[in-house]
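Asks: below is the structure, and that's it, no one-letter string:
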Ligand code: UP5
Ligand code: MG
């Protein structure tokens, strides 16, 4: 089936750790298709869809949108695209997210990148982004960091135990970090 033949990489890391920035570089160099779960959810809000208002409330609180909503948005992209290589950025954010993906999509990722960044650096980057995101204020950032620690780190640990995790230090310039990313991707035929 199509799903089984895809190369899937999950891209994890705390808020502002640089997932989106590094995904853009990976797309330029390796020709992946970038699916940011947060962008898909923000698109749902902007399109006044069925779940839009509820998604907005959850994002403002820094909480996690119900798994089936996010997985269905990702599934739609995986099925409608011609691409065979995907970066799934900012997902799964919890063990529940991870298990829902496995059940609905029927497979696991080929590799998982984890951008490891100190909290104070993440806060600094998010607060200086200035793109009008409803969750880029200090109150919501604190909540996002707590949710990351409590719910996303168990996912990181799960993939470490499975031998799929590639931890990258997210400190330094965008170019320096991308050098580290390239070392990982150059070891894969993808
Ligand atoms: N920047 C990047 N790299 C830098 C560097 N090396 N040095 C200096 N500055 C650097 O980067 C953040 C900022 O830092 C930018 O201004 C960038 O230029 C600069 P970015 O690449 O945007 O970081 P990223 O990790 O993508 O940060 P983002 O804020 O997008 O991460 P989040 O994980 O918080 O946000 P996301 O969009 O994934 O999710 C938002 C919300 O949606 C979640 O909180 C949640 O409520 C909801 N959500 C779900 O419920 N389920 C999901 O599956 C996904 C999201
Ligand atoms: Mg992002």
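Replies: Everything's here; your move. Predicted model only: the values in this text are computed from it and were never measured. Numbers count the residues shown, from 1 in each chain. Ligands and ions are numbered 1, 2, ... in the order given.
Asks: what number of residues lie near residue 105?
Replies: By other Cβ atoms under 10 Å, the residues close to residue 105 number 19. Glycine gets a C-beta too; all of them are placed from N, C-alpha and C.
Asks: wait, it sits on residue 72?
Replies: No - using Cβ atoms under 8 Å, residue 105 makes no contact with residue 72, being 10.2 Å away.
Asks: can you list the buried residues in the lowest-mean-pLDDT helix or strand in the chain?
Replies: Least confident helix or strand, the chain: helix 2-5 with a mean of 94, by mean pLDDT, DSSP states H and E. Using 16 or more other Cβ atoms under 10 Å as the test for burial, helix 2-5 gives no buried residues.
Asks: check stretch 165-180 too.
Replies: Neighbour counts over stretch 165-180 (16+ other Cβ under 10 Å) mark 165, 166, 167, 168, 170, 177, 178, 180 as buried.
Asks: quick one, strands of this protein?
Replies: Using DSSP state E, the strands of the chain run over residues 7-13, 33-36, 85-89, 111-116, 165-169.
Asks: what does the protein have sitting close to ligand 1?
Replies: Listed as neighbours of ligand 1 in the chain under the rule Cβ under 6 Å from any ligand atom: 13, 15-21, 36-38, 41, 58-59, 62-65, 70, 90-91, 93, 125-126, 129, 135, 144, 173-174, 177.
Asks: can you narrow the residues you listed down to the ones near ligand 2?
Replies: Filtering the residues of the chain next to ligand 1 for neighbours of ligand 2 using Cβ under 5 Å from the ion leaves 19, 20.
Asks: check contacts around the residue nearest the centre of the chain.
Replies: Ranked by distance to the mean C-alpha position of the chain (Cα atoms, centre = their mean), the top residue is residue 90 at 1.5 Å. Going by Cβ atoms under 8 Å, 6 or more residues apart in numbering, residue 90 touches 11, 12, 19, 36, 37, 38.
Asks: ok, back up a step: mind listing which of the residues of the chain next to ligand 1 are in helices?
Replies: Counting by DSSP state H, the part of these found in helices is 19-21, 37-38, 41, 58-59, 70, 125-126, 144, 174, 177.
Asks: so which of those residues comes closest to residue 82?
Replies: Checking those against residue 82 with Cβ to Cβ, the nearest one is residue 37 at 20.5 Å.
Asks: hmm, residue 70 and the closest one touching each other?
Replies: Yes - here residue 37 reaches residue 70: they are 5.5 Å apart, a contact under Cβ under 8 Å.
Asks: give me the neighbour count for the residue of the chain at minimum distance from ligand 1.
Replies: Residue of the chain nearest ligand 1, by Cβ to the nearest ligand atom: residue 38 (1.9 Å). Using other Cβ under 10 Å, residue 38 has 19 neighbouring residues.
Asks: which neighbours do residue 37 and residue 70 share?
Replies: Common neighbours of residue 37 and residue 70 (Cβ under 8 Å, 6+ apart) are residue 91.
Asks: list only buried entries from the contacts of residue 90.
Replies: By neighbour count, with 16+ other Cβ under 10 Å, the contacts of residue 90 hold 11, 12, 19, 36, 37, 38 as buried.
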